[in-house]
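[1] Got a sequence here, can you model it:
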Amino acid sequence: MSTFAQQASRTHTRSSFPHAQLLSFILFVVIDSAAILFSSAAVVLLRYALGGQFTLASYLNLAFLTLLFLLVYALLGLYPGIGLHPVTELRKLSHGTTLSFLLVATATFFIRDAEAYSRAVVAGSWGACLLGVPVARMALRRLLANTSWWGEKVVILGSYQSALLLHDALINHRFLGFKPAGFFLLPSAAHHAPLDDPRVLGGIDSAEAASALNIRCALIALPERSASEIAHLTRRYASGFHRVIVISDLFNLASLEVTTVDLGGYLGVQFRHRLLSHTPRMVKRTIDVIASAAGLVLLAPFFLLAAFLVRVSTPGPAFYPHPRIGYGGRRFLAWKFRTMYQDADRILQRCLEQHPELLSEWEREHKLRDDPRTTPIGRFLRVTSLDELPQLWNVLKGEMSLIGPRPIVDSEIEKYGRQYELYKRVRPGMSGLWQVSGRNNTTYAERVRLDEYYVRNWSVWLDLHIIARTVGVVLSREGAY
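    Residues are numbered from 1 along each chain as shown. Coordinates of the predicted model:
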């Protein structure tokens, strides 16, 4: 295995830092500015078209206030945008946008010019920016994630297995912007690495060569080591890096919105059990009630049409109630449009007898990709996820939530194992992390892991992030069958 210094001397390659940071800063500033101006302008033009008594020039003169938003965003750490989780980004953007509008409203009040501006425009622009800026950023991240020229190169120091897991995680979460350049391994871990793995750049004693080549971020992946050992290795081998991120061994705790606390020189990690907080839970329930009630009213014509098509296409009822396990382990009936033939059990049994190769798929996932039980109209409803819209009634009743773990049946409890206790702590959802993370293309074990992650990291911001991603997943039909 060759060292990183030897490779660098042959190829003369350099990291894109600080150019990567500057480029990311510029891109996010531009997209934020465009989103703020476009969202506000759309509201102003709409209000003007509806008979607003003001001149467009008076609002055009306020375009310079975009700089105030950018300054607030910068103070909240939203630039350069690399390494920022979308949920954290959404929370900070919401706080920053709200603070900026409050500052603008306060300024216009003190200069006694508030009457020149429509309150409806200010309120509408605030709401439009709350939606428009995060959506614009999300689109930009999706565009940049698969490019080779965006992001910050990082190196991973530690054991081979830990480095490999972290490397794969960064590849699967490209939107963070961390681009792993390779591994520097401990001597005790080097013999576990394949000799031909190009990601192995050398021993940990040569890690300083990376900082000399302007790779300024190191990830310490040694969760199995004690804190004192990690501190020693960090001082000895990572002192030349501008930024060092230590991967914690606290795998089974919350990882979003975690803060550090200095306790008289001792490092503490603080996280909150938001499931025990009354206000966030009340906000979540309020959103569920308002959204489900509005959805049931607005979608009533579609419900009638879909129910009619289901009834006339095949014999049987339009709706199908399925027993599921909900909050606290209580059983309830989850409603769906009927997508299967009435004798679905018999059809499945005959299919598995005729095609035994499908038995393992059924036992593993409790579903088949080409399910013979599905009716023609039912297949369309499933692929478009429209079959689950009747669960808005379950949400309104308090049996389900808009966002949460996928509701399970009794036979799935065993597969959840110890995580079943976590599952029971929240209401199951119409959508969730599993549905927006590949859905049926993921394994069952991954589904359980995603449910565990959701419960441990639950917040209203995480729910809003999943709702936004749900729209894209439904439109793309990713993993639906």
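[2] can you pull out the helices in the stretch 101-250 of the chain?
    With DSSP state H, counting those that start in this stretch as the criterion, the stretch 101-250 of the chain has helices at 119-145, 160-172, 187-190, 208-212, 227-237.
[3] Show the average pLDDT along the helix or strand where Arg47 lies.
    Assigned by DSSP states H and E, Arg47 falls within helix 19-49. Regarding helix 19-49, the rounded mean pLDDT is 90.
[4] same question, stretch 330-347
    Mean predicted confidence for stretch 330-347 is 87.
[5] any chance of the helices of the stretch 101-250 of the chain in CSV, with distance to Pro428 and mean pLDDT too?
    Every C-beta, even on glycine, is put in place using the N, C-alpha and C of the backbone. Shown next, in CSV, are the helices of the stretch 101-250 of the chain (distance: least, C-beta to C-beta, whole Å; pLDDT from 0 to 100):
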stretch, distance to Pro428, mean pLDDT
helix 119-145, 26, 91
helix 160-172, 25, 88
helix 187-190, 41, 68
helix 208-212, 46, 76
helix 227-237, 38, 81
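[6] of those helices, which approaches Glu353 most closely?
    Closest to Glu353 of those, according to C-beta to C-beta: helix 160-172, at 38.5 Å.
[7] other SSEs contacting that closest one?
    strand 152-158, strand 178-185, helix 187-190, strand 217-221 (3 or more C-beta pairs under 8 Å, 6 or more residues apart in numbering; DSSP states H and E).
[8] what are the phi and psi angles of the residue nearest to Arg311 when sequence neighbours are not counted?
    Excluding the flanking residues, the one nearest Arg311 by C-beta to C-beta, 6 or more residues apart in numbering is Ala318, at 5.0 Å. When read as degrees, to the nearest 10, the backbone of Ala318 gives phi -80, psi -30.
[9] that older thread, considering the helices and strands packed on helix 160-172, which stretch scores lowest in mean pLDDT?
    Minimum mean pLDDT among these: helix 187-190, a mean of 68.
[10] check contacts around the residue nearest to Arg311.
    306-308, 310-311, 337-338 (C-beta atoms under 8 Å, 6 or more residues apart in numbering).
[11] Using ChimeraX, make a named selection holding only the buried ones among these.
    Command for ChimeraX that selects the buried part of these, burial taken from 16 or more other C-beta atoms under 10 Å:
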select :306,307,310,337,338
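[12] which of the contacts of Ala318 sit farthest apart?
    For the contacts of Ala318, with distances taken as C-beta to C-beta, the pair at the greatest spread is Phe308 and Arg338 (12.4 Å).
[13] Pull the contacting residues for Arg338.
    The contact partners of Arg338, taken as C-beta under 8 Å, 6+ apart, are 310, 316-320, 375, 378.
[14] Distance check, the residue nearest to it when sequence neighbours are not counted against Val310.
    Take Arg338 and drop its neighbours on the chain: the residue closest to it by C-beta to C-beta, 6+ apart is Tyr320, 4.1 Å away. For Tyr320, the distance to Val310 equals 9 Å [C-beta to C-beta, to the nearest Å].
[15] joint contacts of those two?
    337-338.
[16] helix/strand/coil for Glu89?
    Recorded secondary structure, Glu89: helix (DSSP: H, G, I helix; E, B strand; the rest coil).
[17] and if you look at the one 4 residues further on?
    Here Leu93 is recorded as helix under three-state DSSP.
[18] who's in contact with it?
    73, 78, 130, 133-134, 137.
[19] Out of these, who's the most crowded?
    Neighbour counts for the contacts of Leu93, by other C-beta atoms under 10 Å, peak at Val133, which reaches 27 neighbours.
[20] Quick check, that residue in contact with Thr97.
    Yes. The criterion here is C-beta atoms under 8 Å, and Val133 meets it with Thr97 at 6.3 Å.
[21] Identify the residue nearest Leu296 in space, chain neighbours excluded?
    Once flanking residues are discounted, Leu296 sits nearest to Leu392: 5.2 Å by C-beta to C-beta, 6+ apart.
[22] Using the record's assignment, carve the chain into domains.
    The chain breaks down into these domains under automatic domain parsing: 4-12+151-249, 19-145, 278-339+374-476.
[23] Out of those, the one nearest Gly264 is which?
    domain 4-12+151-249 (15.8 Å).
[24] Okay, now the unreliable bits of this protein?
    1-18, 20, 109-117, 189-192, 249-253, 357, 361, 363-366, 439-441, 476-481 (pLDDT under 70).
[25] Show me where it has its strands.
    Ranges of strands in the chain, per DSSP state E, are 152-158, 178-185, 200-203, 217-221, 243-246, 259-263, 266-270, 319-325, 331-337, 401-403, 429-431.
[26] May I see the buried residues of stretch 338-350?
    By neighbour count with 16+ other C-beta under 10 Å, stretch 338-350 contains the buried residues 338-341, 344, 347-348.
[27] Throw these into a markdown table and include distance to Ile408, thanks.
    Compiled in a markdown table, the buried residues of stretch 338-350 are given as follows (distance: C-beta to C-beta, whole Å):
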| residue | distance to Ile408 |
| --- | --- |
| Arg338 | 20 |
| Thr339 | 19 |
| Met340 | 19 |
| Tyr341 | 24 |
| Ala344 | 19 |
| Ile347 | 23 |
| Leu348 | 19 |
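[28] The nearest residue to Pro323 once chain neighbours are set aside: how many residues sit nearby?
    Closest residue to Pro323 apart from its sequence neighbours, by C-beta to C-beta, 6+ apart: Arg331 at 5.8 Å. Neighbour count for Arg331, taken as other C-beta under 10 Å: 11.
[29] Just to check, Arg331 is in contact with Glu399?
    No. Judged on C-beta under 8 Å, Arg331 makes no contact with Glu399 at a distance of 9.7 Å.
[30] what's the overlap in contacts for these two?
    Shared contacts of Arg331 and Glu399, defined by C-beta under 8 Å, 6+ apart, are absent.
[31] How much space separates the closest residue to Leu99 other than its chain neighbours from Ile171?
    The shortest distance from Leu99 to any non-neighbouring residue, by C-beta to C-beta, 6+ apart, is to Val72 (5.6 Å). According to C-beta to C-beta, Val72 and Ile171 sit 33 Å apart.
[32] Have a look at those two and say which one is more surrounded.
    Val72 (19 against 11).
[33] can I assume the more buried one is in contact with Thr98?
    No. Using C-beta under 8 Å, Val72 makes no contact with Thr98, being 9.6 Å away.
[34] Can you report how many residues neighbour Ser58?
    By the criterion of other C-beta under 10 Å, Ser58 has 13 neighbours.
[35] For Ser411, see how far away it is.
    For Ser58, the distance to Ser411 equals 65 Å [C-beta to C-beta].
[36] And for Phe28?
    From Phe28 to Ser411 the distance is 47 Å (C-beta to C-beta).
[37] Out of these two, name the residue with the larger neighbour count.
    Between Phe28 and Ser411, counted using other C-beta under 10 Å, Phe28 has the larger neighbour count: 25 against 8.
[38] show me what contacts the closest residue to that one other than its chain neighbours?
    Nearest-residue entry for Phe28: Gly81, 4.3 Å, with adjacent residues in sequence omitted and distances by C-beta to C-beta, 6+ apart. Counting by C-beta under 8 Å, 6+ apart, Gly81 touches 24-25, 27-28, 89, 137, 177.
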